[in-house]
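**Student:** below is the sequence, then the predicted model.
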Amino acid sequence: MPIKYCPIDGGNFGDDLNTLLWPRLFPDFHRLTAEFTVFGIGTLLDGHHDAVAKKIVLGSGLGEHACAERDASWEFRWVRGPLTAKAFGIPAERALGDSALLWPELQNRRVHAQRGPIGLIPHYRTWDSFDWNKVGAMADMVVINPRQSPSQVIDELRACSRVLAESLHGGICADALGVPWAPCILAHRFNEFKWKDWMATIDRSFEPLVADRPLVRCISRTKALANHAARWLHYKEDSRRPALRPVAAATAVDVIAVAQSLKAFASQEQHFACSSEAALAHQRERMQDACRTFAQDYRLAFTP
């Protein structure tokens, strides 16, 4: 299958959607040969790519900068957001949004669960770095493991009254499900570019909760020194959060402080919102039209 995505050891539900979504939409997708590479869900357009293969973009986006050189081998059906479109010099009207919106389980919008728990879904690497279930318990929140299958994550999101998301696809899925959500930044690796890129397609400003300290179980002396230097140099301050690079293992005081900030932010409903069903239906319809045209051009079946 000529799908380009980012497989994560141990799983990451947003990336894993690629293996489920595209074969469902295009049942004979396997007919495309190795001469074609389709870029689907994810931050996939940075870096260097095969200059020979035909590269077809169905909703992918950039991370921090445009490293991929645009040439005749690229075919942009649509991209994740206007920042990606601008970087590649393609029309803004092709910034349709994230293609995860086409997954069937995200098209069954539910009535808002006013009495459900408040959810927290970290980035998968943040999840690995600390016991977030412990933090969540202290903050009166349910923590959702992003390394679960897409169906498991979607079911847990659907049960929440509102969600704090550090995982980009945690926010995307909550929005599609009609669960009010807000972004949060818990670690230095948070990629603001891709969040702002996607959020521009739903006409929402980027106003995250930012933790005042990172939480990690342990850290080597070498890594701690490197992070001290990164903080001092304000490394990647325009796109990441160097002040959240850990320089020591978290203490009990650190855990309490982060839990309290999460609880205080989550208790204020005005921080949380989600897109209207009509707006998402229009966004999804435009993606389906792009998929339909792609299928016609390459003589593929399309099952929306």
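**Tutor:** Received, thanks. Small disclaimer: the values here were computed from a predicted structure and weren't measured. Residues are numbered from 1 along each chain as shown.
**Student:** okay, CA-based contacts and neighbour counts for the rest of this
**Tutor:** OK.
**Student:** got the contact list for Arg70?
**Tutor:** Listed by Cα atoms under 8 Å, 6 or more residues apart in numbering, the contact partners of Arg70 are Phe88.
**Student:** quick one: secondary structure of it?
**Tutor:** coil (DSSP: H, G, I helix; E, B strand; the rest coil).
**Student:** now do Leu164
**Tutor:** On the basis of three-state DSSP, Leu164 is classed as strand.
**Student:** show me what contacts it?
**Tutor:** By Cα under 8 Å, 6+ apart, the contact set of Leu164 is 118-121, 171, 181-184, 266.
**Student:** mind listing the helices for the chain?
**Tutor:** Listed in chain order, the helices of the chain (DSSP state H) span 13-25, 82-88, 124-129, 132-138, 150-158, 168-177, 192-199, 221-233, 252-266, 277-297.
**Student:** ranking those by burial, who's on top?
**Tutor:** Comparing the helices of the chain by mean neighbour count (mean count of other Cα atoms under 10 Å), helix 168-177 ranks first with a mean of 25.
**Student:** tell me what angle it forms with helix 277-297.
**Tutor:** Here the directions of helix 168-177 and helix 277-297 differ by 110 degrees (axes from the mean of the first three to the mean of the last three Cα atoms, to 10 degrees).
**Student:** how far off helix 192-199 does helix 168-177 point, in degrees?
**Tutor:** 10 degrees.
**Student:** packing partners of helix 168-177?
**Tutor:** helix 150-158, strand 162-165, strand 181-185 (3 or more Cα pairs under 8 Å, 6 or more residues apart in numbering; DSSP states H and E).
**Student:** could you export the last one as PDB, CA atoms only?
**Tutor:** Listed next in PDB are the C-alpha coordinates belonging to strand 181-185 (Å, rounded to 0.1, in the frame of the first residue of the first chain):
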ATOM      1  CA  TRP A 181     -12.200  20.900  24.100                       C
ATOM      2  CA  ALA A 182      -9.200  23.100  24.600                       C
ATOM      3  CA  PRO A 183      -5.500  22.700  23.800                       C
ATOM      4  CA  CYS A 184      -2.900  22.300  26.500                       C
ATOM      5  CA  ILE A 185       0.900  22.300  26.500                       C
END
